[in-house]
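1. below is the structure, and that's it, no one-letter string:
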């Protein structure tokens with residue numbers, strides 16, 4: 001049976017994301033070391049997320065330690081796509097100081113479509129076409145390397161068009177373990193992840209496996225992803241964090 005041992009988990013969140021955990025970067029690094037994970041990436045939510053740190057936190061990551069407990073640390077962000085124009089919640093000049101960025105669609109930060117004349121609000125989930133446009137426009141910000149949980153059925157997307165654009169822009173989709181958990185709040189995670197994997201296999205587009213761990217508990221945990229990889233006979237050579245050389249090339253692009 002094919003196995004998929006990973007050497008890095010770079011979609012994780014510490015206390016700076018404002019929800020889900022009180023764990024610090026030190027707590028996260030210590031846990032990664034205990035689990036023999038050589039590389040850990042912190043990708044806290046951008047400041048549009050309620051309760052998340054403001055831009056000064058991301059600016060100060062330039063001064064953060066690069067190695068703790070023998071674990072190599074990378075510092076990124078999970079940027080909120082704010083609208084169909086692809087605007088995100090950190091300035092491009094600041095994004096460029098980070099090691100990488102995800103772009104993701106989240107309620108309540110994404111505002112789709114036009115204002116409803118009756119309620120004065122905008123819908124929080126666009127059409128597959130408009131959501132795909134938002135992703136594609138957002139991935140053109142400097143430093144964007146990954147699509148955050150594009151499996152989320154609350155934000156339907158045209159995966160063929162999205163992944164073709166990702167390949168052209170040297171951006172890579174993640175397969176998100178949190179989307180596949182029994183208590184996942186995202187919808188249709190398994191079905192959409194299988195479609196993404198099938199298309200990426202056909203396109204020879206590498207994917208990133210992510211725990212999306214909020215705090216230390218799930219660092220390195222890919223237990224719900226592995227059965228999908230086996231089911232679709234996904235090539236190990238197309239898994240970014242099974243190959244640190246590939247990961248480093250992508251982060252330095």
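-> Everything's here; your move. The structure presented is a predicted model; accordingly, all values stated were derived computationally and were not measured. Residues are numbered from 1 along each chain as shown.
2. give the contact list for residue 52.
-> Counting by C-beta atoms under 8 Å, 6 or more residues apart in numbering, residue 52 touches 16-19, 44-46. Heads up, the C-betas are built off the backbone N, CA and C, glycines and all.
3. report pLDDT for it.
-> Residue 52 carries a pLDDT value of 97.
4. tell me the secondary structure for it?
-> With DSSP: H, G, I helix; E, B strand; the rest coil as the basis, residue 52 sits in coil.
5. can you pull the phi/psi pair for it?
-> phi -80, psi 160 (degrees, to the nearest 10).
6. ok, it to residue 93 distance?
-> 19 Å (C-beta to C-beta, to the nearest Å).
7. equivalent analysis for residue 83, please.
-> On the measure of C-beta to C-beta, residue 83 and residue 93 end up 20 Å apart.
8. in stretch 48-62, what's buried?
-> 48-49, 52-53, 58, 61 (16 or more other C-beta atoms under 10 Å).
9. tell me the SS of residue 60?
-> helix.
10. so where's the protein uncertain?
-> Counting by pLDDT under 70, the chain has low-confidence residues at 1-2, 113-124.
11. for the residue nearest the centre of it, give me its contacts.
-> Centrality entry for the chain: nearest residue to the mean C-alpha point is residue 148, 3.1 Å, by C-alpha atoms, centre = their mean. Contact analysis of residue 148 by C-beta under 8 Å, 6+ apart lists 11, 78, 102-105, 174, 176.
12. do that again at 10 Å, thanks
-> By C-beta atoms under 10 Å, 6 or more residues apart in numbering, residue 148 lies in contact with 11, 43, 45, 78-81, 101-106, 135, 173-174, 176, 208, 210, 212.
13. repeat for residue 162
-> Here residue 162 is in contact with 128, 131-133, 135-136, 139, 147, 150, 171, 173, 196, 199 (C-beta under 10 Å, 6+ apart).
14. A helix includes it, no?
-> Yes. Judged by three-state DSSP, residue 162 forms part of a helix.
15. and the gap between it and residue 174?
-> Where residue 174 is concerned, residue 162 sits at a distance of 13 Å (C-beta to C-beta).
16. now for the two: what residues contact both?
-> Listed as contacting both residue 162 and residue 174 by C-beta under 10 Å, 6+ apart are 147, 150, 196.
17. rewinding a little: farthest-separated two in the buried residues of stretch 48-62?
-> Maximum pairwise distance in these, criterion C-beta to C-beta, is 17.8 Å, between 48 and 61.
18. rewinding a little: which of the shared contacts of residue 162 and residue 174 sits closest to residue 72?
-> For the shared contacts of residue 162 and residue 174, the nearest to residue 72 is residue 147 (23.5 Å; C-beta to C-beta).
19. contacting residues for that closest one?
-> So residue 147 contacts 102-105, 135-136, 138-139, 157, 162-163, 165-166, 171-174, 176, 196, 207-208 (C-beta under 10 Å, 6+ apart).
20. what ranges do the helices span in the chain?
-> For the chain, applying DSSP state H gives helices covering 25-34, 55-60, 92-95, 128-138, 159-168, 177-180, 189-203, 226-231, 244-251.
21. save the ones you listed as JSON lines, and put in distance to residue 217 too.
-> Putting the helices of the chain into JSON lines (distance: least, C-beta to C-beta, whole Å) gives the following:
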{"stretch": "helix 25-34", "distance to residue 217": "8"}
{"stretch": "helix 55-60", "distance to residue 217": "22"}
{"stretch": "helix 92-95", "distance to residue 217": "28"}
{"stretch": "helix 128-138", "distance to residue 217": "29"}
{"stretch": "helix 159-168", "distance to residue 217": "29"}
{"stretch": "helix 177-180", "distance to residue 217": "11"}
{"stretch": "helix 189-203", "distance to residue 217": "19"}
{"stretch": "helix 226-231", "distance to residue 217": "18"}
{"stretch": "helix 244-251", "distance to residue 217": "23"}
